[in-house]
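>>> Next come a sequence and a model predicted from it.
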Amino acid sequence: MKISLLGQFGSGNSGNDGSLEAMLICLRRLRPDAELLCICSNPTVVRSQYNIPSISVGGPALSNSWINALDRMLARLPRRLALLYGALAHFQMGDIMIIPGTGILDDFQERAFGWPFVIFCWCLVARLRQTKIAFISIGAGPITNRLSRWFLRSAAKMASYRSYRDDYSLRYMKTIGLDVSGDRRYPDIAFDLPVPAPGTKAHPDNPLRIGVGIMHYRGWQSEHPRSEAIYQEYITKMSRFVAWLLDQGYHVSLLMGDVTDRKACDDLVAMLAPTIASEDGALLEIGSARSLHDIMDQMSTVDAAVVSRYHNLVCALKLGRPTISLAYAHKNDDLMKDFRQDKFCRHIETFQVDDLIDLLKSALADRELVKEQIDFTNGRLKAELGEQQELLKRSLLSSSPT
């Protein structure tokens with residue numbers, strides 16, 4: 001069996017790469033004989049990290065400088081069309097193309113001829129090559145641009161299997177005209193990743209350690225006219241919150257989820273520097289965003305977490321940590337509701353620092369009860385992912401897929 005995996009992998013987003021890794025673990029368990037190919041953002045990184053053949057998702061490089069300039073001017077459309085032609089002419093897709101996890105069916109920070117068009121093109125090629133398409137535990141919506149919505153809805157329509165990681169995603173695809181009567185709801189596949197080895201627990205000594213996720217957030221669309229103002233307001237509020245934590249004597253671990261978040265961490269530290277004492281600065285550390293394993297290792301050392309990126313939230317909940325979500329999309333709210341933690345949800349653009357402080361105090365005061373609720377849900381999610389794997393084994397991944 002030949003299986004292709006399509007997604008924004010190798011680009012520096014730990015959640016995307018963690019989703020790929022979780023799917024690879026599943027496939028190597030269910031179909032160890034399968035020939036795998038990854039169609040991704042950075043084939044060099046994926047080949048090195050996961051030891052699978054990989055090709056670029058974006059089409060051939062354009063060597064002529066004039067054509068390159070025209071390509072940039074037209075939002076990479078010539079290169080995308082070259083990709084579509086080349087894939088149709090030369091590429092044999094295999095038996096199945098899987099889009100594993102991630103929020104692939106939204107347009108966060110994307111133009112229509114970015115990833116929405118890429119997903120549409122590859123699904124079209126797969127359909128024309130009579131390759132089955134599976135969207136597995138994916139996130140969907142919102143899709144604010146009309147053309148992006150058409151590309152992604154059309155891509156989803158071509159699939160023979162679709163499952164969503166939350167209720168909002170399933171409902172959203174229904175509202176934009178997709179028939180979801182045969183679709184399923186299963187947890188995010190990153191919940192199936194192994195956790196850190198026993199022994200890496202939160203520090204038993206005082207003071208407590210708080211993990212604070214910092215995101216390079218500039219609004220839903222990168223070209224929003226208020227993007228810089230949104231970013232500055234967010235960094236200012238987060239710096240006030242971190243300053244309060246340090247003033248109270250907490251250790252603070254700044255957590256990232258994408259390589260772009262490093263700038264946000266640097267900006268926050270620069271804003272903090274004139275306002276905190278040197279001894280307080282010693283209580284602050286910055287983590288790594290190389291992988292979800294790195295993030296889980298960092299989460300294993302904290303007593304509570306405040307996060308925005310979806311897969312940082314997954315890591316915190318997977319490790320049973322009391323968590324506050326500063327969400328930029330519905331996906332965080334749905335996940336927190338699933339864990340009965342929705343009272344700890346706020347929006348990244350509208351949260352107030354004093355309220356955030358009160359939420360943290362509440363989460364820490366009730367952390368034993370909160371941990372019990374989280375652990376119970378983790379057990380259920382693990383069982384549901386096992387159910388999906390059995391379904392995939394019987395249908396898509398059987399010797400004769402039905």
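Happy to help now that I have it.

>>> make it CA atoms for all contacts and neighbour counts henceforth
Noted.

>>> what bits of the stretch 251-400 of the chain have low per-residue confidence?
400 (pLDDT under 70).

>>> Helices of that one, residue ranges please.
Applying DSSP state H, counting those that start in this stretch to the stretch 251-400 of the chain gives helices spanning 261-272, 278-281, 292-299, 310-318, 330-338, 353-365, 367-394.

>>> among those, which is nearest E228?
Proximity to E228 (CA to CA) singles out helix 261-272 among the helices of the stretch 251-400 of the chain, at 12.1 Å.

>>> per-residue pLDDT, S56?
In this model, S56 is scored at 86, pLDDT.

>>> any idea how far K263 is from it?
Separation of S56 from K263 (CA to CA, to the nearest Å): 27 Å.

>>> So which of the two has more stuff around it?
Shown here are S56 and K263; by other CA atoms under 10 Å, S56 has more neighbours (16 against 13).

>>> Excluding chain neighbours, give the residue nearest to that one in space.
C40 (5.3 Å; CA to CA, 6 or more residues apart in numbering).

>>> Contacts only, for the one you found.
Residues near C40 by CA atoms under 8 Å, 6 or more residues apart in numbering: 6-10, 46, 54-58.

>>> per-residue confidence for it?
Per-residue pLDDT puts C40 at 94.

>>> quick one: it from V212, how far?
30 Å.

>>> cool, D183 as well?
From D183 to V212 the distance is 35 Å (CA to CA).

>>> who's more crowded, those two?
Under the neighbour definition other CA under 10 Å, D183 and V212 were set side by side, and V212 has more, 25 against 13.

>>> Which strand residues bridge the more buried one?
Beta-bridge partners of V212, counted by DSSP bridges, are L254, V306.

>>> Does it touch V252 like I think?
Yes: using CA atoms under 8 Å, V212 is in contact with V252, at 7.0 Å.

>>> what do those two both touch?
V242.

>>> Can you check the pLDDT for R162?
99.

>>> The one 5 residues further on too?
Per-residue pLDDT puts D167 at 96.

>>> isn't E384 right up against D188?
No: taking contacts as CA under 8 Å, E384 lies outside contact range of D188: 10.1 Å.

>>> Neighbour count for the two, which is higher?
Higher neighbour count among E384 and D188: D188, with 26 against 15, using other CA under 10 Å.

>>> Tell me the spacing between S4 and F108.
The gap separating S4 from F108 is 24 Å, by CA to CA.

>>> what's the answer for N332, then?
N332 is 14 Å from F108, by CA to CA.

>>> Name the SS class of R162, please.
strand (DSSP: H, G, I helix; E, B strand; the rest coil).

>>> Just give the nearest non-adjacent residue to it, would you?
In space, and not counting its chain neighbours, R162 is closest to F135: 4.7 Å by CA to CA, 6+ apart.

>>> Okay, and the beta partners of that neighbour?
Beta bridges link F135 to I99, R162, judged by DSSP bridges.

>>> Report the contact partners of it.
98-101, 156, 159, 161-163.

>>> Kindly format the C-alpha coordinates of stretch 146-153 as PDB.
Only the C-alpha atoms of stretch 146-153 are listed here, as PDB (Å, rounded to 0.1, in the frame of the first residue of the first chain):
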ATOM      1  CA  ARG A 146     -15.000  33.600   0.100                       C
ATOM      2  CA  LEU A 147     -12.500  32.100  -2.400                       C
ATOM      3  CA  SER A 148     -10.600  30.300   0.300                       C
ATOM      4  CA  ARG A 149     -13.900  28.900   1.500                       C
ATOM      5  CA  TRP A 150     -14.700  27.500  -2.000                       C
ATOM      6  CA  PHE A 151     -11.200  25.900  -2.300                       C
ATOM      7  CA  LEU A 152     -11.400  24.200   1.100                       C
ATOM      8  CA  ARG A 153     -15.000  23.100   0.900                       C
END
